[in-house]
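A.B. asks: Sequence and predicted structure are below.
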Amino acid sequence: MTSPTTYILRCSDDSLYTGSTNDMEKRLHEHNHLKSGAHYTKIRRPVELIYTESFETMSEARKREYVIKQLTREQKTTLMKKSI
């Protein structure tokens, strides 16, 4: 198991999807290949992982997910550029 992670995906229609997980590899596989992936990404495959943040607990990761989901696309793009 990997550390709790908040992530941003770029979908095939160039939209962004934000989520959190405790197993990034498994979750990315679900988003791209399985029915258990989020409905939003299922209809916008393939998706590409473009940003991650790691946390100590899932609670922290989910709180960060909520904060990121409140950002505009421009703010998310700025956040991703700062991490490079």
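C.D. replies: Arrived safely, thanks for sending. Numbers count the residues shown, from 1 in each chain.
A.B. asks: which residue ranges form the helices in this protein?
C.D. replies: In the chain, the helices defined using DSSP state H lie at 24-33, 39-42, 58-69, 73-82.
A.B. asks: how about those, which one is nearest Pro4?
C.D. replies: Nearest of the helices of the chain to Pro4, taken as Cβ to Cβ: helix 58-69 at 4.0 Å. Backbone N, C-alpha and C define where each C-beta goes, glycine included.
A.B. asks: Can you give me the buried ones in the closest one?
C.D. replies: Buried residues in helix 58-69, counting neighbours by 16 or more other Cβ atoms under 10 Å, are found at Met58, Ala61, Arg62, Arg64, Glu65, Ile68.
A.B. asks: Which pLDDT does the model give the residue nearest to Arg62 when sequence neighbours are not counted?
C.D. replies: Closest residue to Arg62 apart from its sequence neighbours, by Cβ to Cβ, 6 or more residues apart in numbering: Ser20 at 5.2 Å. According to the model's per-residue confidence, Ser20 sits at a pLDDT of 98.
A.B. asks: Does Ser20 touch Tyr7 like I think?
C.D. replies: Yes: in this structure, Ser20 is within contact of Tyr7 by Cβ atoms under 8 Å, at 7.1 Å.
A.B. asks: returning to that earlier point: mind checking which of the helices of the chain is nearest Thr52?
C.D. replies: Put simply, out of the helices of the chain the one that sits nearest Thr52 is helix 24-33, at 6.6 Å, with distance taken as Cβ to Cβ.
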